[in-house]
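Chemist: just need the structure, nothing else, for what follows:
(one chain, ligands or ions: 1)
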Amino acid sequence: MIIILLGPPGAGKGTIADKINSLVPIPVIATGDILRKAIESGSDLGEKAKSYVVSGKLVPDEYIIKIVEDRITESDCEKGFIFDGFPRTINQAKALDLVFKRLNKDIDQVFYFDISYETIINRLSARRVCTRCGAIYNLKYDPPEKADLCNKCGGKLIQRVDDQEETIKKRIDVYNEETSPLISYYEKMNILTKINADQDLEDRFKILWNRLTEIGVIKNSKLW
Ligand code: AMP
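Modeler: Just a heads-up that it's a prediction; the model follows:
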């Protein structure tokens with residue numbers, strides 16, 4: 001199963017990806033997470049990506065395509081994977097099509113999470129992430145049991161540097177300009193399902209799961 005989660009920052013792609021992953025044993029490939037880890041480790045890629053990520057701009061396609069190509073050929077990706085935050089430009093989508101052609105793989109479905117501007121600002125300004133395991137919390141809707149600590153691993157929760165209001169606005173502009181054209185790109189390929197992301201997680205998930213069942217990727221609510 002290969003699925004793409006598409007939508008603006010704050011649409012809940014990471015949360016949905018984690019929920020799918022808890023039921024279906026395939027990896028989530030979140031290019032944002034890969035870049036943040038590279039920055040933290042001070043690697044060559046991290047050094048190159050840092051200024052873009054911190055300012056809310058897109059990291060150049062050439063780096064991203066290389067990251068993705070390397071990742072999807074790892075052994076845990078054999079039965080499929082979930083893309084969260086990739087592709088983000090038409091150029092990345094076209095590069096992915098070429099890679100998939102070579103590897104004889106197909107995208108099963110693209111889920112586009114449509115969300116209002118107000119909800120994005122509300123969600124992202126209250127978002128906290130665990131520095132140790134990456135778990136996502138929301139101070140309003142899904143707060144941790146102990147302030148600033150992760151329920152799962154006890155790691156410290158922080159606000160991402162790019163979740164501050166000015167950078168959120170920049171990321172939304174970048175999304176509108178560079179990523180939103182992907183909606184019609186995948187619509188034309190007849191593999192796009194639109195989900196209203198202002199709804200509760202359970203309702204969003206139900207639509208996604210039903211669609212995967214409908215197209216035969218998940219049988220009797222089981223993957224294999
Ligand atoms: P995310 O965690 O998906 O919100 O991504 C955080 C940041 O990482 C973005 O604002 C970009 O700077 C960078 N990034 C993540 N994925 C991509 C991508 N597919 N193409 C370019 N930049 C990306």
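Chemist: near the ligand, which residues of the chain?
Modeler: Taking Cβ under 6 Å from any ligand atom as the measure of proximity, the chain contacts the ligand at 9, 31-32, 35, 52-53, 56-59, 64, 85-86, 88, 92, 162, 171. Just so you know, the C-beta spots here come from the backbone N, C-alpha and C atoms, and that holds for glycine as well.
Chemist: can you flag the buried ones in those residues?
Modeler: Buried subset of the residues of the chain next to the ligand (neighbour count, 16 or more other Cβ atoms under 10 Å): 9, 31-32, 35, 53, 56-59, 64, 85-86, 88, 92, 162, 171.
Chemist: out of these, which is nearest to the ligand?
Modeler: G32 (2.0 Å; Cβ to the nearest ligand atom).
Chemist: report the mean per-residue pLDDT for stretch 29-43.
Modeler: Stretch 29-43 shows a mean pLDDT of 95.
Chemist: circling back to that earlier point, in helices, which of the buried ones among the residues of the chain next to the ligand fall?
Modeler: Those of these mapping onto helices are 31-32, 35, 53, 64, 92, 171, per DSSP state H.
Chemist: from those, pick the one nearest I121.
Modeler: Closest approach to I121 among these (Cβ to Cβ): R171, at 11.1 Å.
Chemist: need the contact list for the closest one.
Modeler: 8-9, 56, 162 (Cβ atoms under 8 Å, 6 or more residues apart in numbering).
Chemist: and those as JSON lines, adding pLDDT?
Modeler: Listed next are the contacts of R171 as JSON lines, based on pLDDT from 0 to 100:
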{"residue": "P8", "pLDDT": "96"}
{"residue": "P9", "pLDDT": "94"}
{"residue": "G56", "pLDDT": "91"}
{"residue": "D162", "pLDDT": "91"}
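Chemist: which two among those are spaced furthest apart?
Modeler: Farthest pair in these (Cβ to Cβ) is P8 and D162. Separation: 13.1 Å.
Chemist: contact partners for G7?
Modeler: 13, 111-115, 197 are the contacts of G7 under Cβ under 8 Å, 6+ apart.
Chemist: equivalent analysis for E40, please.
Modeler: G46.
Chemist: for the residue minimising distance to the centre of the chain, list each beta-bridge partner.
Modeler: In the chain, the residue lying closest to the centroid (Cα atoms, centre = their mean) is D84, at 2.2 Å. D84 forms beta bridges with L5, A30, as assigned by DSSP bridges.
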